[in-house]
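Colleague: Quick one: sequence and predicted model below, then my questions.
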Amino acid sequence: METKSYNRKAIFWICVLALFTAALSFSIRTGASGAIKAALLDPAVPQHSGEMIAVALGNSFLGFALSLLVISPLLDVFGAKRVILFASACYIVGPALILLSPHMGGIDAVYGMLTIGMVISGFGWGATEASINPVTAALYPNEKTKELNILHAWWPAGIVLGGLASLLFLQQLHLGWQAVVALIPIPGALFGLWALSQRFPKTESTTLGVSFTEMLAEPFKRPSFWIFPAIMFLTASAELAPGSWVDVALTQTVGMPGIVVLIYVSAIMFIMRHFAGALEHRFSDMGLLCLCTVPAGIGLYLLSFAASPLAAIAAATLWAFGVCFMWPTMLAAVARRYPRGGPWSIGIVGFAGAMAIYFVLPQIGKIYDAAKLEKAGGEAAYSALRAGPELQQVLAYAAKQSFQVIALVPAVLFFIFGAVWLAERKGKR
């Protein structure tokens, strides 16, 4: 590969800043979701506001999935630089539309604009993932797991900063959700401007001489590939779905803002992802993923019972150690096993992860809404509740039901990762 035509360090840090912006956007949307729900949805549709905010948040994953699927096979046609610039534009336009939503007339128009803003924000996230993962794999062909985990360590870093900004703006300064959402375009514009000055490499499949049609055909020639999108669907459900839900579900049940849990979990993930390379060499990628499912499942199950800050932090610690390696290690596993599939193979797996959240998050919202109405004794009884111990009990029950459903996912993954791990070890003998 020609290495003198581009600045590897600069490109890697552009990728870092792009992913950091995606995480910041995700964290701020999550941190502001409770305030957006209270300001825009609770007054108009209180019985269904949980499902509606979950669907709105899930729509960002729809945008993520669609742009990732479309852009991935065409990355070298568009050029990674143009895709990065498109992502930058989405991080400016998407939040702007979210900020405009309260000014629309009627709840349908408000919710529609909110949804469009979420989808476009998701487009930026998908374009980011479609470009930075294949580019990093091309920059570091012999250290994929290590470098992709280091790259994706900046996802939790962005979540930490976005979560802290949400707490500062909403809890301490009492500025309202619009002020914190307005922060998202700042790093979005910065990495776009930096990318303008750089030349980006071609992806690994292109440098191997794989044609566009061969790249598209690669996943279909290798039936074993399709186990990975299926696994990623479940993996994302164990990591990102709960991450999107903690602020809505836990804020009124554990005695502190739910976003604090996400900040804490993300800080652990930022540190741990720097050790992924050594752990992968010790256990293999599938072995590492199999072991991670145990604390992930236990942590999610314990979160369902959390009724205090200490209990929430203890449960979140286990969950964090479980999910910290999942997403980047899955991407590295695919890049290593199917290099001729290039960005297309990586994109399909990422698409599966994004669609998992699009489908799973609204279902969590439905479970939550149904549980709170059941505990309260019906829609009329719930609407009559006022802030106090009785309402807190109802919401605690709803949170418990929603988290216990998600906790089943790591249990399923334990057996899937274990089967793949054993099969590959047997095949090497």
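Modeller: Received it, and whenever you're ready, just let me know what you need.

Colleague: doesn't residue 361 make contact with residue 59?
Modeller: No - in this structure residue 59 lies outside contact range of residue 361 using C-beta atoms under 8 Å: 9.4 Å. Backbone N, C-alpha and C define where each C-beta goes, glycine included.

Colleague: From the neighbour counts alone, determine which of the two ranks first.
Modeller: residue 361 (26 against 22; other C-beta atoms under 10 Å).

Colleague: And the more buried one, which helix or strand is it part of?
Modeller: helix 342-376 (DSSP states H and E).

Colleague: okay, now the closest residue to residue 157 other than its chain neighbours: neighbour count?
Modeller: With sequence-adjacent residues excluded and distances taken as C-beta to C-beta, 6 or more residues apart in numbering, residue 157 is closest to residue 270, at 5.0 Å. By other C-beta under 10 Å, the residues close to residue 270 number 19.

Colleague: same check, this time on residue 42
Modeller: 16.

Colleague: so what's it up against?
Modeller: By C-beta atoms under 8 Å, 6 or more residues apart in numbering, the residues touching residue 42 are residue 49.

Colleague: Could I get the full set of strands for the protein?
Modeller: For the chain, no strands turn up when DSSP state E is the criterion.

Colleague: pLDDT below threshold where in it?
Modeller: Within the chain, the stretches with pLDDT under 70 are 1-4, 47-48, 240-241, 243-245, 247-249, 251-253, 427-429.

Colleague: let's see it at 50
Modeller: 1-3 (pLDDT under 50).

Colleague: Go through stretch 272-292 and flag the buried ones.
Modeller: 272-273, 276-277, 279-280, 284-292 (16 or more other C-beta atoms under 10 Å).

Colleague: who's in contact with that stretch?
Modeller: By C-beta under 8 Å, 6+ apart, stretch 272-292 touches 143, 145-146, 149-150, 152-153, 156, 235, 320-326, 328-330, 332-333, 336, 413-414, 417-418, 420-421, 424-425.

Colleague: Quick one, which of those residues are buried?
Modeller: 145-146, 149-150, 152-153, 156, 235, 320-326, 328-330, 332-333, 413-414, 417-418, 420-421.

Colleague: which residues of the stretch 101-250 of the chain fall in helices?
Modeller: Assigned by DSSP state H, counting those that start in this stretch, the stretch 101-250 of the chain shows helices spanning 107-139, 144-166, 177-181, 185-196, 204-207, 212-221, 227-250.

Colleague: Name the residues that touch the fifth one?
Modeller: The one in question is helix 204-207. 1, 76, 134, 137-138, 141, 201, 215, 218, 335, 339-344.

Colleague: Equivalent analysis for stretch 421-428, please.
Modeller: Taking contacts as C-beta under 8 Å, 6+ apart, the residues outside stretch 421-428 that touch it are 284, 286-287, 289-290.

Colleague: do stretch 92-105 as well
Modeller: 25, 29, 39-40, 110-114, 116-124, 178, 181-182, 184-185, 188-189.

Colleague: So how do I select the buried members of those residues in ChimeraX?
Modeller: Those of the contacts of stretch 92-105 that count as buried under 16+ other C-beta under 10 Å are selected in ChimeraX with:
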select :25,29,40,110,111,113,114,116,117,118,119,120,121,122,123,124,178,181,182,184,185,188
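
Colleague: on that earlier part again, quick check, nearest of the buried residues of stretch 272-292 to residue 14?
Modeller: Ranked by distance to residue 14 (C-beta to C-beta), the buried residues of stretch 272-292 are led by residue 273 at 18.9 Å.
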